[in-house]
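Asks: output the structure for:
(one chain, ligands or ions: 1)
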Amino acid sequence: MAQLWGGRFTKETDELMKQFNDSLPFDKRLYEQDIRGSIVHAAMLGRQGILTGEETRQIIDGLESIRADLESGKLEFSSAYEDIHSFVEAHLTERIGDAGKKLHTGRSRNDQVALDMKLYVRDEIGQVDELLAHFLGTILKGMEENVDTFMPGFTHLQKAQPVTLAHHFGAYFEMFRRDRERISSIAGRMDTCPLGSGALAGTTYPLDRAFTAKELGFDRPCRNSMDGVSDRDYLIEFLGALSICQMHLSRFAEEVILWNSNEYRFVELDDAFSTGSSIMPQKKNPDIAELVRGKTGRVYGALVSILTTMKGLPLAYNKDMQEDKESAFDAIDTLKGNLKLFDGCIATMRFHKDVMAASARNGFTNATDAADYLVTKGVPFRDAHGIVGALVLHCIEKGCALDDLTLDEFRAFSDRFDEDIHSAISLQTCVEKRLTEGAPGRAAMEKMLREAREYLS
Ligand code: ARG
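Replies: Predicted coordinates for the structure are as follows:
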């Protein structure tokens, strides 16, 4: 019998029941965290005189050999075991004999799995942080190269005012920077070690919880053992932060899809990051961006799944909590994959700067500036708005841009227009004059770039 709890049972588990109950098929991914926690637990038991020095050494050597054999592929996971904890303990006892049976002294799988998940999430926070830092570097590079790349800014997906690509990218820089800060702030709130909580009520052995907490890189032991075994807040926070990050990725992906469309033609995706059609030879599809957008459901799904799993649980551990794993693993893998792939997609994307500038030029993105021009000539803004509105209507009828009108045409609408109107509403001027903090004008942009560089260095 490969279970840890056969003693009070007289019958074998029903085969379907075993499959239903077992978590090894998915919690095997926690083997490293599980062994790390067990090594520290054993070392503590030895220090406290609960195990002899010899037993402690045997256990630690045995655990290290299991880890090495799993990593080299010499040892494989077999479906005979219920979960990763049973698997490791059974193999330990097989390797070192009776001492292996003492590892679980003063411990329950409840505090063990709580620890494994916490260590896992902490490790993953580090990995997501690295991917985000790299992606932010890619976005920053895009900003630095495109301070003079004009493009239309949109509201309601209608051309609104001209911006630059650097400014547009800069907005995403802020989003992913917040994601990074949000995710790393979780690490501070989850800095308590559940090991030593036992099944729920601690234990009668003289455990040194401060030692295990410190050895495992935590600030301190968790303050309440019932909370220790049943807290999954950190996982929910992580999935929440990943959902927000995924939402940002999805918005960015949507823009790439639009920019890549025949109607926009703002970008050319690198061949390495696009796909073709089996029937239409002309196609070059933004599948990567569509998949990044499409995978959002899986990440949100994991968040809703765990929130729902946890919502009615009485204290302390309940087997429902085993359901914290599969969708969380999937969401974390998905987000990491998306970040890596989309980073490559953005880094290799080329921009049709001429098309972007032309698009900014037609569509009346300088209408606000024309009104602001009249304001500088003493016209109240509301009147200026009306005059330029009438000018826009005139241009629509003529099929031209504001820039194409002659001075006489401008003057027909207001005698306050002068020779300088054309330079005042040129694309260049419209962007350059936007110098409020956070705006696309060069000086404001330089400040943004300085701060972004500083943040990443
Ligand atoms: N596989 C279980 C989980 O993931 C481990 C804890 C089992 N504890 C128990 N009392 N059955 O939650």
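Asks: list the buried ones in stretch 284-301?
Replies: Within stretch 284-301, the residues that count as buried by 16 or more other CB atoms under 10 Å are 286, 288, 289, 291, 292, 293, 295, 296, 298, 299, 300, 301. The way it works is simple: take the backbone N, C-alpha and C, and place the C-beta from them, glycine included.
Asks: ditto for stretch 272-279
Replies: In terms of neighbour count (16+ other CB under 10 Å), stretch 272-279 has its buried residues at 273, 274.
Asks: contacts for it, please.
Replies: With contacts defined as CB atoms under 8 Å, 6 or more residues apart in numbering, stretch 272-279 is touched by 283, 284, 285, 286, 287, 288, 341, 344, 345, 348, 349.
Asks: which of those sit farthest apart?
Replies: Taking CB to CB as the measure, these span a maximum distance of 20.6 Å, between 283 and 344.
Asks: more neighbours: which of these two?
Replies: Set residue 283 next to residue 344 and count neighbours by other CB atoms under 10 Å: residue 344 wins out with 16 against 11.
Asks: in JSON lines: the contacts of stretch 272-279, plus pLDDT and distance to residue 324.
Replies: JSON lines is the format used below for the contacts of stretch 272-279 (pLDDT from 0 to 100; distance: CB to CB, whole Å):
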{"residue": "283", "pLDDT": "82", "distance to residue 324": "42"}
{"residue": "284", "pLDDT": "84", "distance to residue 324": "41"}
{"residue": "285", "pLDDT": "91", "distance to residue 324": "36"}
{"residue": "286", "pLDDT": "94", "distance to residue 324": "34"}
{"residue": "287", "pLDDT": "95", "distance to residue 324": "32"}
{"residue": "288", "pLDDT": "95", "distance to residue 324": "30"}
{"residue": "341", "pLDDT": "97", "distance to residue 324": "26"}
{"residue": "344", "pLDDT": "97", "distance to residue 324": "31"}
{"residue": "345", "pLDDT": "97", "distance to residue 324": "32"}
{"residue": "348", "pLDDT": "97", "distance to residue 324": "37"}
{"residue": "349", "pLDDT": "97", "distance to residue 324": "37"}
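Asks: spell out whether the helix or strand harbouring residue 112 and the ligand are in contact.
Replies: Assessed by DSSP states H and E, residue 112 sits inside helix 109-144. Yes: Helix 109-144 comes into contact with the ligand (CB under 6 Å from any ligand atom), by way of 109, 110, 113.
Asks: so which of those wins on neighbours?
Replies: Within the residues of helix 109-144 next to the ligand, neighbour counts (other CB under 10 Å) peak at residue 113, which reaches 26 neighbours.
Asks: which residues touch that one?
Replies: Counting by CB under 8 Å, 6+ apart, residue 113 has contacts 27, 30, 83, 85, 321, 322.
Asks: now do it against residue 229, distance only.
Replies: 8 Å (CB to CB, to the nearest Å).
Asks: give me the pLDDT value at residue 362.
Replies: Each residue has a pLDDT score; the one for residue 362 is 84.
Asks: try residue 281
Replies: 84.
Asks: doesn't it lie inside a strand?
Replies: No: using DSSP: H, G, I helix; E, B strand; the rest coil, the assignment for residue 281 is coil, not a strand.
Asks: residue ranges with poor pLDDT in the stretch 301-450 of the chain?
Replies: By pLDDT under 70, the stretch 301-450 of the chain contains no weakly predicted segment.
Asks: once you drop chain neighbours, what's closest to whichever residue of it sits closest to the ligand?
Replies: Residue nearest to the ligand within the stretch 301-450 of the chain: residue 322 (3.7 Å; CB to the nearest ligand atom). Nearest in space to residue 322, with sequence neighbours left out and distances taken as CB to CB, 6 or more residues apart in numbering, is residue 23 at 5.2 Å.
Asks: and the one you found, how far is that from the ligand?
Replies: Here residue 23 is placed at a distance of 4 Å from the ligand (CB to the nearest ligand atom, to the nearest Å).
Asks: for that residue, give me its contacts.
Replies: 82, 83, 84, 322, 325 are the contacts of residue 23 under CB under 8 Å, 6+ apart.
Asks: filter the contacts of stretch 272-279 down to the ones close to the ligand.
Replies: Of these, not one also sits near the ligand (CB under 6 Å from any ligand atom).
Asks: among those, which lie within helices?
Replies: Mapping the contacts of stretch 272-279 onto helices (DSSP state H) picks out 287, 288, 341, 344, 345, 348.
Asks: before we move on, the earlier item: dump the residues of helix 109-144 next to the ligand to TSV, plus pLDDT.
Replies: Formatted as TSV, the residues of helix 109-144 next to the ligand follow (pLDDT from 0 to 100):
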residue	pLDDT
109	98
110	98
113	98
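Asks: I'd like these laid out as TSV, including distance to residue 417.
Replies: Compiled in TSV, the residues of helix 109-144 next to the ligand are given as follows (distance: CB to CB, whole Å):
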residue	distance to residue 417
109	80
110	78
113	74
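Asks: re the thing from before, buried sites along the helix holding residue 112?
Replies: For helix 109-144, the neighbour count (16+ other CB under 10 Å) marks 109-122, 124-125, 128-129, 131-132, 135-136, 138-140, 142-143 as buried.
Asks: same thing with stretch 80-99?
Replies: Of the residues in stretch 80-99, those buried (16+ other CB under 10 Å) are 81-93, 95-96, 99.
Asks: from the middle of its chain, how far away would that stretch be?
Replies: Offset of stretch 80-99 from its chain centre (CA atoms, centre = their mean, to the nearest Å): 36 Å.
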